[in-house]
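**Student:** Provided below for reference: sequence and predicted model.
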Amino acid sequence: MFHVIGRRSAPVTRLLASRGGVLVESVRGRKSRGDPVAKSKEGRIKVPPPVDPREMVVLKDRYTEYQLILKALRLEFREEVLRKKFEEETGSLAEERARQDAEEHRALMLWNQEENLRLLKARVLRVQKEEEEAERLKLEAVMKLEQQQQEFIKLKEKQVLQLQEEAKNFITMENLDQRIEEALDHPKNYNFAVDKEGRVVRKTVLQ
């Protein structure tokens with residue numbers, strides 16, 4: 001025969017029970033896969049609770065920020081622990097390394113200053129050359145403009161001289177009668193025709 005006992009009364013029951021009986025302790029655990037659904041939960045449909053999209057975005061941002069803060073804190077604490085451990089293990093070696101780092105930093109700073117001076121001088125020379133080149137180009141442009149103006153003046157002078165030369169043959173009030181007589185004495189006909197063979201046929205002057 002099986003006797004079911006609880007957890008609280010187990011020690012007393014074990015002392016009072018006979019040796020021939022079998023004691024079975026009741027244990028409340030999870031249901032197995034083959035157990036049926038409870039009657040109170042039959043037909044129940046699990047529906048997730050509603051979630052506000054704006055609240056979800058805010059919570060997601062806060063959770064991301066929280067993770068970043070925790071990660072930074074972990075790294076900071078880990079670095080501090082490792083530094084203390086390293087200092088404890090190395091001792092004077094750490095001081096020697098710090099001194100070497102300081103000397104290296106000082107040497108690098110001196111090299112940086114020298115490099116800055118060298119670059120400054122190179123920059124000054126480059127700017128000076130650029131200014132000289134700009135001045136040269138400016139002078140060339142001025143000289144080219146003056147040359148163009150001189151050529152323009154010469155061209156206009158030539159045109160004026162040519163016009164003065166041509167003006168000698170202009171008809172004026174003084175030579176009007178003479179030019180009329182010359183035109184009558186030497187008539188010119190500018191009318192002509194071209195036949196099918198391409199020959200030019202000029203009309204004779206009527207006497």
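**Tutor:** Arrived safely, thanks for sending. Numbers count the residues shown, from 1 in each chain.

**Student:** mind checking the longest helix of the protein?
**Tutor:** If you go by DSSP state H, the chain has its longest helix at helix 92-167.

**Student:** Packing partners of that helix?
**Tutor:** Using 3 or more CB pairs under 8 Å, 6 or more residues apart in numbering; DSSP states H and E as the contact definition, the elements that helix 92-167 packs against are helix 53-90. Backbone N, C-alpha and C define where each C-beta goes, glycine included.

**Student:** relative to helix 92-167, how tilted is the helix it packs on?
**Tutor:** Taking axes from the mean of the first three to the mean of the last three CA atoms, to 10 degrees, one finds helix 53-90 and helix 92-167 inclined to each other by 120 degrees.

**Student:** so what secondary structure elements neighbour helix 53-90?
**Tutor:** Using 3+ CB pairs under 8 Å, 6+ apart as the contact criterion, the neighbours of helix 53-90 among helices and strands are helix 92-167.

**Student:** now do 7 Å
**Tutor:** Under the contact criterion of 3 or more CB pairs under 7 Å, 6 or more residues apart in numbering; DSSP states H and E, the helices and strands touching helix 53-90 comprise an empty set.

**Student:** pLDDT (mean, whole number) over stretch 76-91?
**Tutor:** For stretch 76-91, mean pLDDT is 83.

**Student:** what about dumping the CA coordinates of that stretch to CSV?
**Tutor:** Output for stretch 76-91, consisting of C-alpha atoms alone and laid out as CSV, is shown next (Å, rounded to 0.1, in the frame of the first residue of the first chain):
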residue,chain,number,x,y,z
GLU,A,76,36.0,51.1,-18.0
PHE,A,77,35.9,48.7,-15.1
ARG,A,78,37.8,46.0,-17.0
GLU,A,79,40.5,48.5,-18.0
GLU,A,80,40.8,49.6,-14.5
VAL,A,81,41.1,46.1,-13.2
LEU,A,82,43.6,45.1,-15.9
ARG,A,83,45.7,48.3,-15.2
LYS,A,84,45.8,47.6,-11.5
LYS,A,85,46.7,44.0,-12.1
PHE,A,86,49.4,45.1,-14.6
GLU,A,87,50.8,47.6,-12.1
GLU,A,88,50.9,45.0,-9.3
GLU,A,89,52.6,42.5,-11.5
THR,A,90,55.2,44.8,-13.2
GLY,A,91,55.9,47.4,-10.5
